[in-house]
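1. here is a sequence together with a model predicted from it:
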Amino acid sequence: MTEALIRNLADRAELTELVARHSRWIDEGRYDETATLFTDDVTVTSPRGQATGIDGLNELADSRHHQYTRTLHSKSGLIIDITGDTATVQAADVAVFVTGDTAAAVAAGVHRYRARRTPAGWRFDRLDIQPMALTVDIDRVL
């Protein structure tokens, strides 16, 4: 393998891991880890609004997620395009929002990330969340 190919594969692995860690970050409320995923000047656009910077992102994320008993976000179908020290990543997202002891809602959408290589590794500097579907509460059997 060439050095360029090895670097490309390593970058893809790191970006894939970053997407997975983003899901864990929101599901477990790991807001103290935000700077390990996002740049200080991150811009996020979602159905709940827009945020800029680490503090703004933490506020936006916590503004609705604290109302759920639990959440589970699962990303798939990653498409990664790398150009030098910048990258774009698109991922399908399916999320379950546990709203009580017997109910949950399910959402689906597309997450479009933009990332840049920093001295600490890849970080997202932009995230656009585009919803596709959201159910009303449905009965849970588990």
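-> Perfect, thanks for sending it. Residues are numbered from 1 along each chain as shown.
2. H111 in helix, strand or coil?
-> Put simply, H111 is strand when judged by DSSP: H, G, I helix; E, B strand; the rest coil.
3. and the helices in this protein, which stretches?
-> Along the chain, the stretches classed as helices by DSSP state H are 3-27, 53-65.
4. skip the chain neighbours and tell me the closest residue to the residue nearest the centre of the chain.
-> When the chain is reduced to its mean C-alpha position, the nearest residue by Cα atoms, centre = their mean turns out to be H22, at 4.1 Å. Take H22 and drop its neighbours on the chain: the residue closest to it by Cβ to Cβ, 6 or more residues apart in numbering is L37, 5.7 Å away. Placement of C-beta: from N, CA and C, glycine included.
5. using CSV, list the CA coordinates for stretch 79-92.
-> C-alpha atoms of stretch 79-92 as CSV (Å, rounded to 0.1, in the frame of the first residue of the first chain):
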residue,chain,number,x,y,z
ILE,A,79,-20.4,8.8,2.5
ILE,A,80,-17.0,10.4,3.1
ASP,A,81,-15.2,12.8,0.8
ILE,A,82,-11.8,14.0,1.8
THR,A,83,-9.9,16.9,0.2
GLY,A,84,-6.6,17.6,1.9
ASP,A,85,-7.3,18.8,5.5
THR,A,86,-11.1,19.1,5.0
ALA,A,87,-13.8,16.5,4.6
THR,A,88,-17.6,16.1,4.2
VAL,A,89,-19.5,13.2,5.7
GLN,A,90,-23.1,12.4,5.0
ALA,A,91,-24.9,9.9,7.2
ALA,A,92,-28.5,8.6,7.6
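6. so which bits of it are buried?
-> For stretch 79-92, a neighbour-count test (16 or more other Cβ atoms under 10 Å) marks I80, I82, A87, V89, Q90, A91 as buried.
7. what of stretch 41-48?
-> Across stretch 41-48, burial judged by 16+ other Cβ under 10 Å covers V42, T43, V44, S46.
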